[in-house]
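Trainee: no letters, just coordinates:
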């Protein structure tokens, strides 16, 4: 009787237990994949610590390597030391500043070393992690130029600086410039000589009549010239 009950229970519970075990394995695999993804991202960007991918991976450490247990205790201790360095205000003295930034890569290498051990990379070397990160000179220059452009643009937009401008050459018509020069020269000669400036007063009616048409203006000019000769 007991054997029959055992067979029935095994038949009924077997698929349920198998499904639960499968779900547990999948959950463990997802967590393992998440830890591996964070580790590989930090390793890939260890020479570009200001990149967005590096910062995002740092913010995932507490989720993928949770504190509170012995399993990731070494990772959490190394991460705490590195995080403390990131939040510290850099010193003003140049010598102290050099020491400050020299210690930070060591702390990052220690954290990556402990993370590597946690995900199964037991043959890593701290010196290798710290010294062999590759970052092109070109990309470094691009990042530096981008930072300069961003800071200068912010200064201009906020009114802290002005945009420097220099006029090298003004466009213009050479004939028009020559005519204006001659005109100004003639005006200067008249003013400097003290001679009275001839002025012709034209009434509104005469002005309107003169602007009726080009033909009327030409006729008036011809008649005026002829009268002057007589």
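Mentor: Sure, I can see it. Keep in mind that what you see is a predicted model, and the values were worked out from it rather than measured.
Trainee: listing request: residues of this structure with sub-threshold pLDDT.
Mentor: Along the chain, segments meeting pLDDT under 70 span 1-2, 5-10, 12-14, 17-20, 23-26, 28, 170-171, 202, 205-230.
Trainee: let me know the helix or strand that residue 101 is in.
Mentor: Using DSSP states H and E, residue 101 falls within helix 94-119.
Trainee: buried residues of that helix, list them for me.
Mentor: 105-116, 118-119 (16 or more other C-beta atoms under 10 Å). Placement of C-beta: from N, CA and C, glycine included.
Trainee: now render the residues you listed as a markdown table, adding distance to residue 198.
Mentor: Below are the buried residues of helix 94-119 laid out as a markdown table (distance: C-beta to C-beta, whole Å):
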| residue | distance to residue 198 |
| --- | --- |
| 105 | 87 |
| 106 | 92 |
| 107 | 91 |
| 108 | 88 |
| 109 | 92 |
| 110 | 95 |
| 111 | 93 |
| 112 | 93 |
| 113 | 98 |
| 114 | 99 |
| 115 | 96 |
| 116 | 98 |
| 118 | 101 |
| 119 | 100 |
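Trainee: got a list of what residue 45 touches?
Mentor: 51, 53, 54, 57 (C-beta atoms under 8 Å, 6 or more residues apart in numbering).
Trainee: again, only using 6 Å
Mentor: Contact analysis of residue 45 by C-beta atoms under 6 Å, 6 or more residues apart in numbering lists 51, 53, 54.
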